[in-house]
Structure formats: structure tokens, C-alpha cells
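Visitor: need a structure here:
(3 chains)
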Amino acid sequence: MLKFLFALVALALSVPAGGLLAGLDRKLTARLQSRMGPPLLQPFYDVLKLCGKSPCVSNPWLVFCSFVCVTASALALFLFYMQGDLLLLFFVMTISAVFKVAGALSIPSPYSNVGAQRELLQMLAYEPLITLVFVGIASVTGSFMVADVYAVETPLLLQLPFLYLALGYALTIKLGKSPFDISACHHGHQEIVRGVLTEYSGPQLALLELSHWLDTILILGLCALFWHTSFVGMVILLVITYLAEILVDNITARMTWQWMLKNAFGPTLALAVFNILWFYVR
Amino acid sequence: MDIAKKLTEALGGYINKGRVKSPWVIHYDCGSCNGCDIEVLACLTPVFDLERFGILNIGDPKHADVLLVTGTVNHRNKAVLRNIYDQMPDPKAVIAVGTCACSGGVFQDCYNVVGGVDQIIPVDVYIPGCAAKPEAIIDGVVLALEVVKGKLGLQPLPKTTVFE
Amino acid sequence: MLHILLWGCIVLPVFAALVTLVCTNEALRNKIVFGGVGLTALSAVGLALYGSFALPIPATSMLGSLITLLDFVLLLIILSIVISRRHKLGLAFALAQLAGLVFLDFGLLDGHAPAAFIADTLSIAMVLIVSLVGGAICIYAIGYMKEHEEHLRLARTRQPRFFFVLLLFLGAMNGLVLADSLAWMFFFWEVTTLCSFLLIGHDQTPIARTNAMRALWMNLLGGVAFMAAMLFLQSTVGTLSISQLLAMGTNPAVQAGAPLLPLALLCLAGFTKSAQLPFQSWLCGAMVAPTPVSALLHSSTMVKAGVYLVLRLAPAYVGTMLSPMIALAGLFTFVATSALAVGQSNGKKILAYSTIANLGLIIGCAGIGTPAAITAATLLLIFHAISKGLMFLCVGSIEQHIGSRDIEDMRGLYQIMPRTAVITLIGIVTLMLPPFGALLAKWMAIEAAAASSIFMPVFVVLIAFGSALTVLFWARWAGLILGVNPLARKAPSTEIQEDTVRFALSALALAAVVLSLLSPFVYAGLGPNIAAQFGLRGLYTVSWGLFDNGIGLFAVYPIFILLGAGVWLAIRAARKAASTADGSAPCLPYLSGIQMVEGEKIGFNGPMSSLVQPTLSNYYLAEWFGEATLTRTCNTIALVLLTLMLGGLI
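Guide: Sure thing, here's the model as predicted:
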């Protein structure tokens, strides 16, 4: 029961945390470009404003999809806080991605359709990697439960360093950061307008933004599992990882999906498999 | 019931704050010589940094709050301007950037020109100049926010809608 | 009691079939189909309530001679077909089987061997699938075939023949899963092959005839492998009884020796029946048949006979060198056919490839062979049968309504067929997302693979890739059927559908959801049997709807409740959005501001102010996932794997 309450509170706290993180991201990005950047609370202003926009719904299914999307993201994070099964929470996260795409496909707009197709290819690129990362974790801990990670005495990072790189690669794709902002770009606009997000407007867009915050928190939570033994280590790992993500986001240009798939399926997969084999042989 | 009412009021207050703090911009070039367009883009550079005010150049009318128009309106693109304006969900504001967008400028009364943007859609703020300077554009956007506040009933409408 | 139930499951459908063949009155024939299907389903439920049993048939029984006799008749029919079609390969296979049968019955078997009907929970699950899902599909077929023949404008209805074969198939399939003797199973096996041949060729177009022939010869090849295995077993081990074989399999002394090669041959027969690579082409070709046939034979039941055999024999080969080879072959098929499905826009072909992929995953799990993997295989067998049968029926209805089975033509389906579109969505979601049964099984499969042997990394990589590809082709299909035309000022029209069609669609959709909700109970029925055969290590315990085996936990009920709440909210919000949007100006998609409306069409304002509608299409990535790119390579790899599997044993 205590665990349940804890998870509920953590989930509630994750929303502001995700928003702050997004604000921090924009602030840091601006600093990297020697700009002032927006206030830290900017993502909250954005979402609040979007909630107040008048509805413009070309298809009621779009509303349906945005609600399911945010529910699934929240549920995945909740399962993580309940220290549940890694694979299961990943599958629940898939629901969220699938419905985001389904909504975009349900509108006869070329931009949202192309965006949705690209989003699907991004999913194709990161899903096998994340599955392998979880299997790698399970080969160390002997279980897929988050709870059992804590039973291991050395940080996972030391045993699965290559897998962590693969995870980082997959996460960049999942978060849609450059060079993988292929399906939709979070800043400015691109050749397919706002890609998969084009037709979501007002409150629906706010919900998708919310689900993105929750996904970010969940992903950082997964990264944190790699240094669970000490709180300081965890923080250091997360800070370094996220800074690296922002840095990569800023210094790279958008690549094509072909490039993304080849690199996800080639070198990155090789890294992941190598790490699992290496651990297995040891 | 009382609490619910208060809550909605409070939420409404926050939403209004968000509206003022996060104007996303869509930029449409009606028929500009590109002088004003370059200045609009200059606003986004590190020198002027529009994002300080939460302003993003978003490129999708369905996500945008402010329509920035440059150039004169002509018969070929007036429908496009109307369409983009119509696709922006309320509340929204329109800013005419540059003399051409304000009044038609030197192209006024040309056979193919309709005139300023306000011939087609309601304009909230006019930013004259050929080309409008980035500082002027930024101040114009901030003035537009004052107009938005006025429209939301948060404060009286500003006396002028022309930035000079 | 047991006799009556068995009779109802196996013989009754055959009788009903014979009556439909001679009945010329359409209304009466439909009633007979209803009655036959209903009684079969009742018997199946009765059998399920009766539980596991073993009913020995003494060697003196007439039944044995009858089946032997029918076996010869059947092979002669097949022989006459291949002769009349002048198909050399088919002829060779049919002759080989006939020769084998003569040798088996008159050379090896001295008189009749004792046989039995044996049912454990796996066979009962299969009987329920065949009789209930199959029954629903047969009822759907009544409405479907009426419209189908209206489209064809036949001079004389061919429905008697169609329903004859369909009902005959139900009986044969029930016989197949309940028979303990391989010889009897072989008979039913070949009956299903013949039914499949007759039904694929039912429309008698040139392409249907060619594809039917291909299905026949490939399945006959499987039959030859089956026959060879029987000859081998009878001459070395001296029994054809599966239960005795399994009892032997657990004995390490015997396991090391002879029976592995016949087991591999039986698995090969299973592979052909389940259209595993490189035999997938017959199943893809079978899609020319009327859709109820694809639903019944080529997704939910007949192709399951192959995996049923592989799964049935699993206790005998688990732990030997055969089992990783089987797993490898199955999982490779899973990945390859999932990739092939990505390259397809033909709805039925996507379903066909996805069926093969799921069968491959089941076989892969059987090969992995841990209790958790076997649970995964069994659950996938059940849940896949329902959802995939449903998907086929949906595509059939859609095709009759919009005149195309291409998923690109299903854009905006919700506007014209709201009911069917929602049911199709349910079908897709139950196949690919948690907390539904098919995904529960996939989750078990990955975790079981991760806890398996030295081949673990290979297995896991294969499943991980296969699953990701699966998500790709399902998600885009789910999205595009939800489209509505924002300019159509009226709400989506209600559909007019034959009652039988509507009943079958609703029943299967409901079953897919409810059975997933009841998955803990389904498992409670299957678990003890699996524990008895494969041991307890890593087996799941279920409490409060949580599947738990110490290394993983799948929370069925909590996810159902929480997601259900989310979906309920979503539906309410969508309803509200729809009602507030009524009357206001339509919200058009963003088309760069140069959109234009003509009637109910939306497009770009093109040259001379003409309407240019944007053409939307999914990415099918033909250069990566097209049949032309993949088929040859995949077939070669699969052939090498099969050769290794068989050759390694010799």
C-alpha cells in the first residue's frame, strides 16, 4: 500500500519535474547558442496556453488518441515507480506511441501522414534496442523486475557499458532529439511542418506535450537504473547523460531515416549484442 | 460548487498568464520583397533572441497564436492569408510587419494589389518601416501581447495599435 | 456421455456437411449449417466441461478398419486430383504416401494397433477454438457467401459444395487434435489438406486453381514427411501412439537414441502445415479463397494443426539438440515474415504473413521449451486464433463493401463503415498491445527466451526485431481506418450488414476482449498440464490477475482497469468534441493555406484553380522489405536451417 501511495505521489511529482526538465533543456540549448533563452517555467506557460485554445478538431478520433496517449505514458511511468516489470512498462509505453501515430494518420493531411510514417520508423529503430537493453539488465540481475535491480551490488554500468551506449542511442531516437528529430521537431519548423504533431492543436497538443514530459522522466529513470547503488552516482550519470543529449541535439543536423535505421540496426545493435554476449561468457 | 468555481477561475488566471507568456508565431509572407522577412528571422538569432519572451516560430497555424504578415496582399494570395488566419484557433492576434503589410506601401493602388493586410483580416498591431527593424518587430510583438491582455479583459486596451 | 460428446465434435459436423451437399433449398441449408455448427459448439463446450480424458479404442473395434479404409480412399482421391492436373511433383508425393501407407498397414502393422482418443487441456483448447471460433466463422460465411455469389453472378450456386467442405473440415480438425494414434492423426491431417485444396480453388479462377495446386503439393510434402516418420517409429520403436512416445521421450536412455529423426520429420510436417519458411508461398497464395476460408483454415485453425503437432511433441524433444534448431527455424520465420508483412499493402496478405509470423513464434517458443515458453506458445495459439480470425472477417466485410482489400483504400473507413472500423481496431489492438492476450504471450516469450540456454542472445534478437516490425505494420493500419471526412456534414452512417455477418464480427470482437480479461482463468486451466509435462521451473503463478514467475510480472487486471479508465475518458472527450464540432465550420487539415474544397473533396488549389488532391500512402519500403528483396534470401536461410535440423540428426 505504501509503495502504491509512493508511486502515486511520484507520478504526480513527475509532471512538474518533466516540465522543469523541458524548461531546463530549452534554457541550456539557448545558452549553448549564446542566447538568453525562455524562462525556466516556459513549458508550463506553453501547456497552459494550449489548454485555453479553442478546440479545432477535424476528427474526434484525434481527441481519443491524445487521451489514450497520455494515459499510457502515465501508466508506464506508474509501473516504473511500482518497481514493476521492465518489459511490461515498455510495452505500455508502446501504446502511447502507437496512438500518437494513429491519430496523425487519421487526418488526410500529407504532413501529419509523412510525420506518422517517420515516427513509425523511429519506433522500429529504438524498439529492438530497448528490448535488448532490458534483456541485458535481466541477464545481470536474473529478473526483469525493477525491484530486483536494487539487489545487485555493483552498478550495472560497469557490467553493461556498451549496452548503456546503445540505450543512449535509442533514447535520442525516442525523445526525437537531433539528429533524430525526423518525425517532428520540437523547435522551429521543418520541411513537413510539425510532422506527426501537425494536426494536433490546442488541448490535444497539450496532452501530447504532457505525455512527452512523462516519457522523458521514465527514460531518465531507466538510465538511473544503471547506477542504482549510490544516489550521487545516479545524479552524476543522469546529468552527464542529459547534458550529452542536449549537446548532441545542438551540434548535429537532422539525418534521414535511412541513416537512422542503418545505424540503429548496425553498429548499435552490434554493441548491444556484444555486451550481452560478453557478460554471458564472463 | 464554490470551490469548483474558484478553481476554474484560478485555472483561467493561469491560462491567461500562459497566453501572455507563450505567443507562438506563424510567419506568412504575402508578397514581400524579403526585406521584412529577413528582419523577422533576425529576431530569432542570438542577437535579438525572441525566445526570451516565449516566442517560437512554429510554422503551423493550428499551433500558432500570432500571425506575422509581411508584404502587400494581392489577389492571388488573399485567399491563402484568409485560410491561414481561419485555421488558427482562438484567441489569436495579427501583426502587420512593414509598410507594405500596413497599407500596401509603394504598391498601393497597383492593379494587382489589394492593399494592406487589414483589407482581408483584422489586424491588431501595425509595425511600419521599410524594412521594419528587428527591435521594432520585437516591441510590436510585445505590444500585441498588451492587446491580447486587453482583449482578455485583464487591462484596458492600449491606446495605440501602431508601434512607432 | 463421452462417446456422445466425441461423436458431436467429430462425426456430427461430417453428417451436417453431407446434408448441406444434397440440400438445394438455401434457407434450409443455412438452418442446417446453423444447427450443425451449434451442436458441434455445444459438444465442444461439453467436452471442455468434461475435462481431460483418455478413451482407448480396442484393436478389435470397427473404427480402426474404417479409418484405414477411408485413408486409402482419401489418398486415391488426392492421387486422382494430381493425375488430372498432371502435376508431377504432387504425383510423386501422393504415390510415396500411398506406398508408405500400404507398407505401414500391411507390412509393419500386424492387424490393427490399439488406438485412443486422448485429450489434455491443449487438445481441449484446440477443440474449443475449432468449434467456437470456427463455428462463428461458418455462420459469418452464410451471409458472406450470399453476397460473394451475387458479385460473381453464378448460374448455379456452388454453396452446397462450399459448406460441405467447411463443415467436413470442422469434424476433421476436431478428430486431428483428439486422436492419439499418429496413423489416425495422419488421416485427419490429409483430410484437412484436401479441404484446403478444395476451398482455395473454390472460385475456379485460373489463379485459384494454380494456388490450390501449390498448397496441395506443399502439404503433400509434409504428408510424406509424416508418413516417413510413422514408418520409422513403427519399425524402430514399435508404437504410433503419441502418449507412449512422449512417455518415452522423458526417458533419457531412449531420448539419446533413435526417435529424434522421426520427431524432426514430424516437425517438418508441422512446418509445411503451418507454412513456415520456406513453405510460406502456399499460404500467401491461399488468400485467393473466399475470406471465411482464409479466416477458418488459413489463420485460426488448420494452420494451427502444424504448431499443435510441434507443441504436442515438445516434451519428447525438449533438451535435445533438436529443440534449439526448431526454435531457430520458428523464430527466423517470425522475423522474416514480419518484415515481409511490412512491405505489403494488400490487407489479406499482411494478415497472411502476420499469421505465419505468429505461428513461427509459437514454434519458436515450443523449441525454447521452458515451462514459461510453452505457456507463451499455448496462450498465443488461443488468442491469435480469435483475433486473427476476426481480422480476416473484417477484411472480408470491408472488401465486399468498398471493393478492395488494399489497406490504402481503407483510409477513412470510419466514415462509411463505423461499426466494422471499430471492430477492426479492436482486432488490431488485441493483437499488438497490452493488456491483451496476444501481447501477454509475446511478453512471456521474450522473458522465456531471455532465461533460456546458450542460444539466448540469438533468440532474443530475433524476437525483439520481429516484435518491432509487427508494431510497424499494425499501427499504420489502425491509424488509417480511423479517418473521417471533415466535410461530410452528417455523422458516419450506420451500416447495413447481413445479420450472420454482424453476429460473427461482434461475437469474435467481444470474445477477443473478454477472453483477454479472463486470461488468468485461461491460464489456470492450462497451467497444471504444462507443469505436469515440463516441470515447474519458471512457471507462472497467478493471483489477483498478476502473472508472476519471480523474474517478471504482468499485471493484467490493474492495466485493464487503469487503461480502461483512460479509454473511457478518451471516448467521453471524443464524443464531446464531436458534438461541439457539429454546426460549426469544418476544421480542415493543414494544406499550406492553399486548400480548396469541391463538394466533399479537399485538396490543394492547383493550376487554373483546379483541385489537386494530395495522395497519401504508407511507406512500404520495398527496397528493404519487399517480397522481391527478401523472399529469396529468406527462403535460402530457412532451407539451410531445415537442412541443418534434419541433417544434423542423420
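Visitor: distance of whichever residue of the stretch 151-282 of chain A sits closest to chain C relative to C:M325?
Guide: At 5.1 Å from chain C, A:I276 is the closest residue in the stretch 151-282 of chain A, using Cβ to the nearest Cβ. Quick note: C-beta positions are derived from backbone N, CA and C, even for glycine. Separation of A:I276 from C:M325 (Cβ to Cβ, to the nearest Å): 21 Å.
Visitor: the two: who's more crowded?
Guide: Comparing A:I276 with C:M325 by other Cβ atoms under 10 Å in any protein chain shown, the one with more neighbours is A:I276, at 25 against 22.
Visitor: right, and the more buried one touches C:P457 too?
Guide: Yes - between A:I276 and C:P457 there is a contact at 5.1 Å, judged by Cβ atoms under 8 Å.
Visitor: against A:I107, how distant is the residue of the stretch 351-500 of chain C found nearest chain B?
Guide: Nearest residue of the stretch 351-500 of chain C to chain B (Cβ to the nearest Cβ) works out as C:P486 at 12.0 Å. Distance, C:P486 to A:I107, using Cβ to Cβ: 8 Å.
Visitor: hang on, B:H27 in a helix?
Guide: No - counting by DSSP: H, G, I helix; E, B strand; the rest coil, B:H27 is not part of a helix but strand.
Visitor: and for it, nearest residue in space, chain neighbours not counted?
Guide: Spatial nearest neighbour of B:H27, excluding adjacent residues (Cβ to Cβ, 6 or more residues apart in numbering or on different chains): B:L68 at 4.6 Å.
Visitor: mind checking what secondary structure the one you found has?
Guide: Put simply, B:L68 is strand when judged by three-state DSSP.
Visitor: surely it touches B:E39?
Guide: No - B:L68 sits out of contact with B:E39 when judged by Cβ under 8 Å, with a separation of 10.7 Å.
Visitor: what residues do the two have in common as contacts?
Guide: Common neighbours of B:L68 and B:E39 are listed as B:97, B:137 (criterion: Cβ atoms under 8 Å, 6 or more residues apart in numbering or on different chains).
Visitor: the residue most central in space within chain C and A:P16, how far apart?
Guide: Centroid check for chain C by Cα atoms, centre = their mean gives C:S299 as the closest residue, at 2.7 Å. C:S299 is 48 Å from A:P16, where distance means Cβ to Cβ.
Visitor: poorly predicted segments of the chain, please.
Guide: Here I'm looking at chain A. Scanning chain A for pLDDT under 70 picks out the ranges A:186-190.
Visitor: ah, I was thinking of chain C
Guide: C:110-112, C:249-258, C:489-493, C:582-583, C:650.
Visitor: tell me how many other residues crowd the residue nearest to B:H27.
Guide: 28.
Visitor: give the bridge partners for it, please.
Guide: Counting by DSSP bridges, B:L68 is bridged to B:H27, B:I95.
Visitor: C:I57 too?
Guide: With DSSP bridges as the rule, C:I57 is bridged to C:A115.
Visitor: mind checking how far the nearest residue to C:V597 once chain neighbours are set aside is from C:R411?
Guide: The spatially closest residue to C:V597, leaving aside those adjacent along the chain, is C:L487, at 6.4 Å (Cβ to Cβ, 6+ apart). For C:L487, the distance to C:R411 equals 15 Å [Cβ to Cβ].
Visitor: between the two, which is the more surrounded one?
Guide: Set side by side, C:L487 and C:R411 show more neighbours around C:R411, with 21 against 14, by other Cβ under 10 Å.
Visitor: OK, contacts around the more buried one?
Guide: Contacts for C:R411 (Cβ under 8 Å, 6+ apart) come out as A:108, C:480-481, C:483, C:616.
Visitor: out of the residues you listed, which sit inside helices?
Guide: C:L480 (DSSP state H).
Visitor: could you report the neighbour count for the residue of the stretch 401-550 of chain C found nearest chain A?
Guide: In the stretch 401-550 of chain C, the residue that lies nearest chain A is C:G479 (2.8 Å; Cβ to the nearest Cβ). Neighbour count of C:G479, defined by other Cβ under 10 Å: 30.
Visitor: and the one 5 residues further on, by the same measure?
Guide: A total of 24 residues lie near C:V484 under the criterion other Cβ under 10 Å.
Visitor: need the contact list for it.
Guide: By Cβ under 8 Å, 6+ apart, the contact list for C:V484 reads A:59-61, A:106, C:412, C:414-415, C:492.
Visitor: top of these by neighbour count?
Guide: Greatest neighbour count in these, by other Cβ under 10 Å, goes to A:S106: 29 neighbours.
Visitor: not counting sequence-adjacent ones, nearest residue to C:K442?
Guide: Leaving aside its chain neighbours, C:K442 sits nearest to C:S467 (6.2 Å; criterion: Cβ to Cβ, 6+ apart).
Visitor: show me where chain B has strands.
Guide: Taking DSSP state E as the criterion, chain B contains strands spanning B:24-31, B:56-57, B:66-71, B:73-74, B:93-97, B:113-115, B:125-127.
Visitor: between these, which one is closest to C:P589.
Guide: With Cβ to Cβ as the measure, strand B:24-31 is the member of these nearest C:P589 (15.9 Å).
Visitor: so what touches the closest one?
Guide: Here strand B:24-31 makes contact (Cβ under 8 Å, 6+ apart) with A:46, B:37, B:40, B:50, B:55-61, B:63-74, B:77, B:80-81, B:84, B:88, B:100-101, B:107, B:113, B:117, B:141, C:593.
Visitor: can I get the buried part of the residues you listed as one PyMOL selection?
Guide: In PyMOL syntax, the buried subset of the contacts of strand B:24-31 is picked out as below (16 or more other Cβ atoms under 10 Å in any protein chain shown):
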select buried, (chain A and resi 46) or (chain B and resi 37+40+50+55+56+57+58+59+60+61+63+64+65+66+67+68+69+70+71+72+73+74+77+80+81+84+88+100+101+107+113+117+141) or (chain C and resi 593)
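Visitor: quick one: the helices in chain B, in order.
Guide: With DSSP H as the criterion, chain B has helices at B:2-21, B:35-44, B:78-87, B:99-103, B:134-151.
Visitor: okay, these, which one's buried deepest?
Guide: Sort these by mean neighbour count, taking mean count of other Cβ atoms under 10 Å in any protein chain shown, and helix B:99-103 sits at the top with a mean of 25.
Visitor: list the contacts of C:L649.
Guide: C:L649 neighbours (Cβ under 8 Å, 6+ apart): C:260-261, C:264, C:321-322.
Visitor: how close does C:C284 get to chain A?
Guide: Distance of C:C284 to chain A, given as Cβ to the nearest Cβ, to the nearest Å: 23 Å.
Visitor: what is the burial count for that residue?
Guide: Counted with other Cβ under 10 Å, C:C284 comes out at 24.
Visitor: surely it touches C:A352?
Guide: Yes - if you go by Cβ under 8 Å, C:C284 and C:A352 touch, sitting 5.1 Å apart.
Visitor: residues near the nearest residue to A:K53 once chain neighbours are set aside, how many?
Guide: Leaving aside its chain neighbours, A:K53 sits nearest to A:G202 (3.4 Å; criterion: Cβ to Cβ, 6+ apart). As a burial measure, A:G202 scores 20 neighbours (other Cβ under 10 Å).
Visitor: again with C:S543
Guide: With other Cβ under 10 Å as criterion, C:S543 counts 8.
Visitor: identify the residues contacting it.
Guide: Contacts for C:S543 (Cβ under 8 Å, 6+ apart) come out as none.
Visitor: need phi/psi at it.
Guide: Phi and psi for C:S543, reported as degrees, to the nearest 10, are phi -140, psi 140.
Visitor: sec struct for the residue lying closest to C:Q595 once chain neighbours are set aside, please.
Guide: Leaving aside its sequence neighbours, C:Q595 sits nearest to C:L588 (Cβ to Cβ, 6+ apart; 5.6 Å). When classified by three-state DSSP, C:L588 comes out as coil.
Visitor: who touches C:L588 in this structure?
Guide: With contacts defined as Cβ under 8 Å, 6+ apart, C:L588 is in contact with A:58, B:87, C:486-487, C:595, C:597, C:602.
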